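Enquirer: got a structure for you, letters missing:
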C-alpha cells in the first residue's frame with residue numbers, strides 16, 4: 001500500500017547542477033502547482049502558475065523560464 005503523501009519527482013539540470021522537484025499540490029481549479037524544490041542542499045516550497053497547451057500541463061522555472069512538464073514527473077521507487 002502506497003503512502004497517500006507520496007510525491008512524484010522530476011530532476012532538471014539547470015546547466016550547473018541538478019534540481020529536484022517534488023509535487024506537493026496541484027490545483028487545476030486555481031491553476032497552480034506547489035512543488036518542493038531541492039537545489040544544492042536547500043529545500044524550498046514554491047507555488048507556480050500552472051499553464052497548459054497542446055502538450056499538457058507545465059510550469060516555468062528559473063530566470064530562463066525553463067518549461068517543466070507535469071507529465072515528466074515520475075513515482076519514486078520505495
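Expert: Cool, got the structure. Just so it is clear, the structure is predicted and the values come from calculations on it, not from any experiment.

Enquirer: So which residues make contact with the helix or strand residue 19 falls within?
Expert: Secondary-structure element containing residue 19, defined by DSSP states H and E: strand 18-27. Residues outside strand 18-27 that contact it (C-beta atoms under 8 Å, 6 or more residues apart in numbering): 7-13, 32-39, 45, 50, 57, 61, 68, 70, 73. From N, CA and C alone the C-beta is placed, and that goes for glycine too.

Enquirer: Run a quick neighbour tally on residue 35.
Expert: Residue neighbour count, defined by other C-beta atoms under 10 Å, stands at 26 for residue 35.

Enquirer: secondary structure class for it?
Expert: strand (DSSP: H, G, I helix; E, B strand; the rest coil).

Enquirer: separation between it and residue 69?
Expert: Here the criterion is C-beta to C-beta, to the nearest Å. By it, residue 35 lies 13 Å from residue 69.

Enquirer: And for residue 41?
Expert: From residue 41 to residue 69 the distance is 25 Å (C-beta to C-beta).
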